[in-house]
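Colleague: Everything below, folded, please.
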Amino acid sequence: MENDLPQRTRVYQNHHLDSTRWDSFVPRDDDIVIATPYKCGTTWMQGIVGGLILPEQEDPLDAAVWIDIRLPPLEEIMAQLAGQTHRRSIKTHLPLDGLPYHAQVKYIVVSRDVRDVFMSLWNHYSNYTPSFYEDINDATSRVGPPQPICPEEIREFWQMWITQGWFEWEGEGYPYWSNMRHVQTWWNFRHLPNILFVHYNHLKIDPANQIQRIAQYLDIPISAEAVPELVHATSLNTMREKAVAKDFLKDFFKEGAAGFFYKGTNNRWKEVLTSEDLELYEMAAERELSPDCRAWLEKGIY
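Modeller: Purely as a prediction, here's the structure:
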């Protein structure tokens, strides 16, 4: 495998995603792609990278572009990318087998314990507004069924999420897309010099060192004085305050930006998931993850 490069072998199209939108992507040699499953610190990493490439910008999140989201129109996304004269930061939620790989692009893969992902996703999914369902399920360009309404009970959602896949080649992640398999597709190529793995827990425990590590990987100088400033600018409280002030998520989430930037904590699943629920996790992890990838997700051990 070490002599091989990633190959794009799958097409991901559903209520949220359309991987074919990447067909229009023209890479630049210094592009940065932030690749995550959902609820693993995507927005956090976008803020960190944005702060590194545009240190004078008031809101570092403004630099990031998400290509594979089915909305808005592709022409707008590509025009935004083409018009950026600074180093570009691009977000994707695609597994590596659904994404064109470019050796000159630097990829940052952020991952998190599966059970913590679930708790964050529950808050996310259960807070959708009716208008968001209407937008995301618009049949104009949607491929496949609409996204179902979130179950009322959290354990009902867990049991469907951990045992079913949206796509026929997935075994978990319903009604979105895979979480475990997503990470595994990237993990299989972690030996490549342009793929950097970052763990959510490491960001929480030691954000300063992680920011320095990311900056070094991206070949971006950062002074010792700038590191704590970026730590503060990308903290949950700071990013929440800025998002609430903009009020741009009010149509998507019942609590707006305050609901999107929720707790950012781990281990809440211990008070929710039963031994029966955790048996489902064990079966899914054994099926979907290699032992070393599982150790990375659960413990942050390479």
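Colleague: number of nearby residues for the closest residue to Val105 other than its chain neighbours?
Modeller: Of all residues not flanking Val105 in the chain, Asp31 sits nearest, at 4.7 Å (Cβ to Cβ, 6 or more residues apart in numbering). C-beta coordinates here come from the backbone N, C-alpha and C atoms, glycine included. Neighbourhood size, Asp31 [other Cβ atoms under 10 Å]: 18.
Colleague: now the helices for the stretch 101-250 of the chain?
Modeller: 114-126, 130-136, 154-163, 180-187, 200-205, 207-217, 226-233, 236-246 (DSSP state H, counting those that start in this stretch).
Colleague: Go ahead and confirm Gln212 touches Val227.
Modeller: Yes - using Cβ atoms under 8 Å, Gln212 makes contact with Val227 at a distance of 6.2 Å.
Colleague: Next, work out how far apart Pro207 and Cys293 are.
Modeller: Using Cβ to Cβ, to the nearest Å, Pro207 is found at 24 Å from Cys293.
Colleague: List the contacts of the residue nearest to Val105.
Modeller: Contacts of Asp31 were listed using Cβ atoms under 8 Å, 6 or more residues apart in numbering, and they are Arg87, Arg88, Ile90, His102, Gln104, Val105, Lys106.
Colleague: now swap in Lys39 and tell me
Modeller: So Lys39 contacts Arg112, Val117, Ser120, Leu121, His124 (Cβ under 8 Å, 6+ apart).
Colleague: Adding distance to Gly50, neighbour count and pLDDT as columns, could you present those in TSV?
Modeller: Formatted as TSV, those follow (distance: Cβ to Cβ, whole Å; neighbours: other Cβ atoms under 10 Å; pLDDT from 0 to 100):
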residue	distance to Gly50	neighbour count	pLDDT
Arg112	20	26	94
Val117	23	25	95
Ser120	21	22	91
Leu121	24	21	94
His124	21	18	87
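Colleague: Throw those residues into a markdown table and include distance to Leu278, thanks.
Modeller: As requested, the contacts of Lys39 are exported to a markdown table (distance: Cβ to Cβ, whole Å):
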| residue | distance to Leu278 |
| --- | --- |
| Arg112 | 17 |
| Val117 | 15 |
| Ser120 | 18 |
| Leu121 | 17 |
| His124 | 22 |
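Colleague: For those residues, name the two members farthest from one another.
Modeller: Maximum pairwise distance among the contacts of Lys39 (Cβ to Cβ): 13.4 Å, between Arg112 and His124.
Colleague: For the chain, just list every one of the strands.
Modeller: 32-35, 64-66, 89-92, 106-111, 195-199 (DSSP state E).
Colleague: chain center to the longest one: distance?
Modeller: Centre-to-centre, strand 106-111 and its host chain are 9 Å apart (Cα atoms, centre = their mean, to the nearest Å).
Colleague: And for the last one?
Modeller: When C-alpha coordinates are averaged (Cα atoms, centre = their mean), strand 195-199 and its chain have centres 12 Å apart.
Colleague: Could you verify my assumption that Val272 touches Met119?
Modeller: Yes - with contact defined as Cβ under 8 Å, Val272 counts as touching Met119 (7.0 Å).
Colleague: which one of the contacts of Lys39 sits closest to Leu297?
Modeller: The closest of those, once distances to Leu297 are taken by Cβ to Cβ, is Arg112, at 7.0 Å.
Colleague: ok, the residue nearest to Ser131 when sequence neighbours are not counted to Arg142 distance?
Modeller: Nearest residue to Ser131, sequence neighbours excluded (Cβ to Cβ, 6+ apart): Asp251, at 5.2 Å. Using Cβ to Cβ, we find Asp251 at a distance of 19 Å from Arg142.
Colleague: Between those two, point out the one with more neighbours.
Modeller: Set Asp251 next to Arg142 and count neighbours by other Cβ under 10 Å: Arg142 wins out with 18 against 13.
Colleague: Tell me who's in contact with that one.
Modeller: Contacts of Arg142 (Cβ under 8 Å, 6+ apart): Asn14, His15, Arg70.
Colleague: No further questions, thank you.
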